[in-house]
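1. This is the structure alone, sequence omitted:
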């Protein structure tokens, strides 16, 4: 039973009023930190993206692996996806290769 001033004399019992105050303070402090924790620094691009042509791919392939060289059995470098040009298609395929392995 509560003692004088509405306090519990038993050390392990906490009144519901005190418990609700503690919970509201804990949730308020957590919410006040949430926006700061979710903020990110803006990404800084150091160089413009470079789209390559088929000739540049052939040259690069010879330098990177002279044994195999340029190998494109499906002619994906010639594929003009979405009518944006060969360089855009090569850029898209390179991005997909880097992303998915």
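-> Cool, the structure landed. For clarity, every value in this text was computed on a predicted model and none was experimentally measured.

2. residue ranges of the helices in this protein, please?
-> For the chain, the helices defined by DSSP state H cover 16-38, 54-64, 86-100.

3. Any idea which of those helices has the lowest pLDDT on average?
-> Across these, helix 16-38 has the smallest mean pLDDT, namely a mean of 61.

4. check contacts around residue 76.
-> Applying CB atoms under 8 Å, 6 or more residues apart in numbering to residue 76 gives the contacts 89, 93. Placement of C-beta: from N, CA and C, glycine included.

5. Quick check: pLDDT value at it.
-> At residue 76, pLDDT is 87.

6. That one and residue 42: what is the separation?
-> Per CB to CB, to the nearest Å, residue 76 is found 34 Å from residue 42.

7. Next, count neighbours for the nearest residue to residue 90 once chain neighbours are set aside.
-> Excluding the flanking residues, the one nearest residue 90 by CB to CB, 6 or more residues apart in numbering is residue 52, at 5.4 Å. As a burial measure, residue 52 scores 16 neighbours (other CB atoms under 10 Å).

8. didn't residue 52 look like it was pressed against residue 93?
-> No: look at residue 52 against residue 93 with CB atoms under 8 Å: they stay out of range, at 10.2 Å.

9. Overlap in contacts, those two.
-> Shared contacts of residue 52 and residue 93 (CB under 8 Å, 6+ apart): none.

10. which of the residues in stretch 54-68 are buried?
-> Neighbour-count burial for stretch 54-68, counted by 16 or more other CB atoms under 10 Å, picks out 54, 57.

11. Other residues contacting it?
-> The contact list for stretch 54-68, computed with CB under 8 Å, 6+ apart, reads 52, 69, 70, 71, 72, 77, 78, 86, 90.
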